[in-house]
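Q: Output the structure for:
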Amino acid sequence: MPAPKKILHVEDNFENRILVRRLLHASGFELIEAENAVEALELLKKHQPDMILMDMNMPDMDGYTLTHQLRNQPEFMAMPIVAITANVMKGDREKSLEAGCDGYIEKPIDVDRFIDQVNSFLK
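A: Now for the predicted structure:
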């Protein structure tokens with residue numbers, strides 16, 4: 001049996017982390033959680049996730065800046081980084097992609113589609 005895929009979820013909102021945790025664990029994923037960009041960078045020194053789910057709106061350093069920083073490091077150039085954001089105005093998707101995200105999942109999360117969305121970026 002293959003090892004479960006490991007996902008780093010970077011999210012400052014506790015309720016959002018709980019929802020994503022429940023959905024991912026129920027589907028057999030291994031989850032690493034960071035509340036902010038600094039914590040995410042520390043965790044990335046110790047873990048090699050298969051994918052990063054990135055909140056775009058965080059205090060201190062936002063997800064756009066963190067994604068851009070990660071994309072400038074060779075070990076993260078090919079790793080899927082997917083924005084999870086409530087920023088759904090015109091231009092927000094493009095801003096996420098320009099920062100280096102491979103895709104975009106809107107909040108509130110559609111629990112019926114979320115795992116399929118995550119899997120589509122892991123292929």
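Q: Give me the next element, helix or strand, following whichever strand or helix holds residue 52.
A: Using DSSP states H and E, residue 52 sits in strand 51-55. Downstream of strand 51-55, the next assigned helix or strand under DSSP H and E is helix 63-71.
Q: For the strand holding residue 52, the averaged confidence score.
A: Strand 51-55 carries an average pLDDT of 97.
Q: What are the buried residues along it?
A: 51, 52, 53, 54, 55 (16 or more other Cβ atoms under 10 Å). For the C-beta atoms, the positions are set from N, CA and C on the backbone; glycine is no exception.
Q: do stretch 48-65 as well
A: Under 16+ other Cβ under 10 Å, the buried positions of stretch 48-65 are 49, 50, 51, 52, 53, 54, 55, 56, 58, 62, 63, 64.
Q: Just the terminal-to-terminal distance for it.
A: When the termini of stretch 48-65 are compared using Cα to Cα, to the nearest Å, they are 20 Å apart.
Q: what does that stretch contact?
A: With contact meaning Cβ atoms under 8 Å, 6 or more residues apart in numbering, stretch 48-65 is reached by 5-13, 16, 20, 32, 36-38, 40, 66-67, 70, 75, 79-87, 92, 95-96, 99, 101, 105, 118, 121-122.
Q: Narrow these to those in helices?
A: Mapping the contacts of stretch 48-65 onto helices (DSSP state H) picks out 16, 20, 37-38, 40, 66-67, 70, 92, 95-96, 99, 118, 121-122.
Q: Among those, name the buried ones.
A: 16, 20, 37, 40, 66-67, 70, 92, 95-96, 99, 118, 121.
Q: Can you tell me which of those is nearest residue 28?
A: residue 118 (11.4 Å; Cβ to Cβ).
Q: Pick the one among the buried ones among the ones in helices among the contacts of stretch 48-65 closest to residue 111.
A: Nearest to residue 111 among those, with distances taken as Cβ to Cβ, is residue 20, at 10.0 Å.
Q: give me every residue that touches residue 13.
A: residue 55.
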